[in-house]
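Asker: This is the structure alone, sequence omitted:
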């Protein structure tokens, strides 16, 4: 195994661990490295399939912690946002899209960090939740990053980590299936993409196992800080790619 392949396996394992522990993080960590290694748009497809695998493995055991009211509105919003993301992607420059998404995620990171004040725990709010779902869907089909906005929104509402993690992963089960369908329909899926994805499945599953252990050791405060760091990294990655 060559050095870049070892690096890719290690990064995927770490990203899967982080996503299993927090609900987000795989795309921003593993996505750029996968793109660097294969240097092809198929990197998005690999990231989508592996992210779906993580969500599919974890979601059944977490369904009791899901905020069902919020998830319902996220799903309704995503149903509109997913095709809208394709339209936006095809009609505006990718750099402008990354810039707008980066600024949105940076704003949400500031909200989670409490720079605008800390909100008390709130019940699901259909209007804002619907809007969050739309933005999540747009970012899913255009950037393969549906998680930062809903995770940030729920964290800013001071929901517990178990709820944020479970609801975000449940959303992914729908989002990534739809996103992959769009990808396959528009671009097709090469045989090499399936082989690379299959080669990364063991590292992904090991990361999921370690992430399930790690989540028990992460306090609510540490979880919120970790979410803030992931959101900040996502924003920096998006904005830096534009520059």
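Answerer: All right, it came through fine. Keep in mind that this is a model prediction, so the values were computed, not measured.
Asker: Show me the residue at the heart of this structure, geometrically.
Answerer: Centroid check for the chain by Cα atoms, centre = their mean gives residue 147 as the closest residue, at 3.4 Å.
Asker: which ones are touching that residue?
Answerer: Residues in contact with residue 147, defined by Cβ atoms under 8 Å, 6 or more residues apart in numbering, are 23-25, 27, 136, 168, 171-172. Placement of C-beta: from N, CA and C, glycine included.
Asker: Would you mind giving these as CSV with secondary structure and pLDDT added?
Answerer: Below are the contacts of residue 147 laid out as CSV (DSSP: H, G, I helix; E, B strand; the rest coil; pLDDT from 0 to 100):
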residue, secondary structure, pLDDT
23, coil, 84
24, coil, 80
25, coil, 77
27, helix, 76
136, helix, 92
168, helix, 93
171, helix, 95
172, helix, 93
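Asker: Residue 127: which of those is nearest?
Answerer: residue 136 (15.1 Å; Cβ to Cβ).
Asker: Touching, residue 111 and residue 156? I think so.
Answerer: Yes: applying Cβ atoms under 8 Å as the test, residue 111 and residue 156 come out as touching, 4.3 Å apart.
Asker: Is residue 133 in contact with residue 82, as I believe?
Answerer: No: the pair residue 133 and residue 82 fails to qualify as a contact (Cβ under 8 Å) at a distance of 9.7 Å.
Asker: mind showing which ranges of this protein have poor pLDDT?
Answerer: Within the chain, the segments meeting pLDDT under 70 span 1, 36, 39-41, 94, 112, 114-125.
Asker: ok, back up a step: next, find the distance separating the residue nearest to the centre of the chain from residue 153.
Answerer: 11 Å (Cβ to Cβ, to the nearest Å).
Asker: Likewise for residue 79?
Answerer: The spacing between residue 79 and residue 153, counted by Cβ to Cβ, is 18 Å.
Asker: Same question for residue 188.
Answerer: For residue 188, the distance to residue 153 - Cβ to Cβ - is 34 Å.
Asker: Neighbour count: the two, which is higher?
Answerer: residue 153 (24 against 10; other Cβ atoms under 10 Å).
Asker: How many residues are close by the nearest residue to the more buried one once chain neighbours are set aside?
Answerer: Sequence neighbours aside, residue 132 is the residue nearest to residue 153 in space, at 4.8 Å (criterion: Cβ to Cβ, 6 or more residues apart in numbering). By the criterion of other Cβ under 10 Å, residue 132 has 25 neighbours.
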